Each structure stands twice: as structure tokens, then as C-alpha cells.
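>>> Pasted the sequence and its predicted model underneath.
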Amino acid sequence: MHKRNLLLFLLLAAFAWVSACDDGGDPANNGNTDCTTPEVYFPEYGCLSDGFVDNERAYDWYLTQMGTGAAEGSNCGPTSVAMSLRWFDEGQTVSVETIRDTITPGETGWWYTNHIEAALTNWATPFAVRAASEQAVLDALDRGSVLLICITMGEITQASDPRETHFDRFYAYDSGHFLIIKGHVDNAQWLIVHDPNNWQFDYYDDALTQPLGESRYYRTSEVLTSMGVWWPYFFEIGVSDATKSLRNVPVGRSGP
């Protein structure tokens, strides 16, 4: 009888140890985020010391358009602006609803790039408008900027199981969209993006604390192709050494 109790105790202890070792978090993280300075941890890659740029902040600035009012379905533009403001200045915590209502009061439709320009100007966030090329995008990221872009998601590969990977598009929508590029990884083969099109079940974890759109990887080649198809320019956030005017630049849009 005592031997059976001992065996049962050992089995329960082993089960508890295995459960404790399971962090229950992002399955693509492999449970290992401890890196030795100056290494930086990247999901799917582990600890890296070179071959990347990530213009992250010490505070959380990712936002989703979910729950941003009656226009949430078309709020990728205002949400991308809100992230840009917060990235540039931690104190600029302007709500997505306020941004939309200030620039396009009473409207719930898709935004255009001239609305982005007006919003960035209104909240005194410096920016430059650049013609899109791979070199221009990487140079801007290497300068420490983040980029606000307007692309068509149909050019971005859709992941077959988005919760099991950090790579590729994590939703079915395949038309015009605003999002943020904040870095590159794997020797610039992938761009690191903050994609605001994150909804109720778009999370790695059941606790809904790890959004799929935060620090997602999109192929550099596909993003550049998409920019060329949809709007071949980008907003470089945090600089003011180029003309801000879009008067001579065709207007781009989100939406179909």
C-alpha cells in the first residue's frame, strides 16, 4: 500500500513539473526569451546579435483597430497614425476615435494618404514622404525611423495556421491597408510590422494578451511589390528633412 502511494506521489510530482515548464504562451516563441546583452530575442529566430534592425520602444505602442468605435472596420489608417504618434512621443496617447473624428468628423469610411498627412501634421509628429524602393525602406529603418505604409494585402502570403507562426498575413482580407514597419530581420529578408488588423481571436494565447499583428514578419520582397502596386511611397516617421506635401504625389487609400 505504501509503495502504491509513493508511486502515485511520484507520478503527480512529475506531472506538476511538466506543467510548470509549459509557459502556455506563444507557441512560436519556443519558451525561450532570455538573451545575453547585446543580443535581442526574436520569435522564430531566438537570440540575435546582428542581421536585424528593430526600432522598438521600451514601452508598449502597438494598437489594434478592434474596439475603436463605429468605424473600427475601416480604422487601419487612424490606428496606424495613433501608433506613429505614440512611437514618436510616449505621451501622445491620442485615441483612434479622436484621430478619426478630428480629421474626418462624422465619417466612417476608408482613409486616404492625405488624411494620414493631415493627422500627423495636426499632432506635430514630424515625417517625410519617400518614394518606395527596397534601399529607401531599409535606409529609413537603419536611420531609426518607423514607416507608415499603404499597401494591398493581396500581395502578402497568407499563413495557413497564423497562430503557429510569426510569418506572413494572419487574416483573409486582401485589399488596401495601412500598417507600420518598424524593422527588418534575417538580413532584411523579412520586415517587422505592427499590423492593426487584429480582431477578437487573432492572438497566440488563449488569454488574448499576445496579438498576432504585433511584430509580425512580412516578406520584404512582397511588401515592396505591394507598395508598387498600391501606393509607391511611404511616410517615414520622426524625420523632417524632406517635403511633407503630397501635392505632387498621387493619393493612396485603404479599402477595396
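Now that the structure is in, tell me what you want to look at.
>>> what's the nearest residue to the residue most central in space within the chain if we skip its chain neighbours?
The chain has His194 as the residue nearest its centroid, 0.8 Å off, counting by C-alpha atoms, centre = their mean. Nearest non-adjacent residue to His194, counting by C-beta to C-beta, 6 or more residues apart in numbering: Ile180, 4.1 Å away. Yep, even glycine has a C-beta here, placed from its N, CA and C like the rest.
>>> Identify the bridge partners of the one you found.
Leu148, His194 (DSSP bridges).
>>> Mind checking what secondary structure Leu224 has?
Here Leu224 is recorded as helix under DSSP: H, G, I helix; E, B strand; the rest coil.
>>> Could you give the number of residues near it?
By other C-beta atoms under 10 Å, the residues close to Leu224 number 19.
>>> Tell me how far it lies from Asp161.
26 Å (C-beta to C-beta, to the nearest Å).
>>> If I follow the layout properly, Met227 ends up in contact with Thr220?
No: taking contacts as C-beta atoms under 8 Å, Met227 lies outside contact range of Thr220: 10.7 Å.
>>> Which one of these two is surrounded by more residues?
Higher neighbour count among Met227 and Thr220: Met227, with 23 against 20, using other C-beta under 10 Å.
>>> And the strands in the protein?
Secondary structure of the chain (DSSP state E): strands at 40-42, 46-48, 53-54, 127-131, 146-152, 176-185, 190-194, 216-219, 233-237.
>>> Take these and write them to JSON lines, including mean pLDDT.
Formatted as JSON lines, those follow (pLDDT from 0 to 100):
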{"stretch": "strand 40-42", "mean pLDDT": "91"}
{"stretch": "strand 46-48", "mean pLDDT": "93"}
{"stretch": "strand 53-54", "mean pLDDT": "96"}
{"stretch": "strand 127-131", "mean pLDDT": "95"}
{"stretch": "strand 146-152", "mean pLDDT": "98"}
{"stretch": "strand 176-185", "mean pLDDT": "98"}
{"stretch": "strand 190-194", "mean pLDDT": "98"}
{"stretch": "strand 216-219", "mean pLDDT": "98"}
{"stretch": "strand 233-237", "mean pLDDT": "97"}
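>>> could those strands go into TSV alongside distance to Asp206?
As requested, those are arranged in TSV below (distance: least, C-beta to C-beta, whole Å):
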stretch	distance to Asp206
strand 40-42	22
strand 46-48	24
strand 53-54	27
strand 127-131	38
strand 146-152	30
strand 176-185	25
strand 190-194	22
strand 216-219	19
strand 233-237	34
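>>> Which one of the ones you listed lies nearest to Ser254?
strand 176-185 (4.4 Å; C-beta to C-beta).
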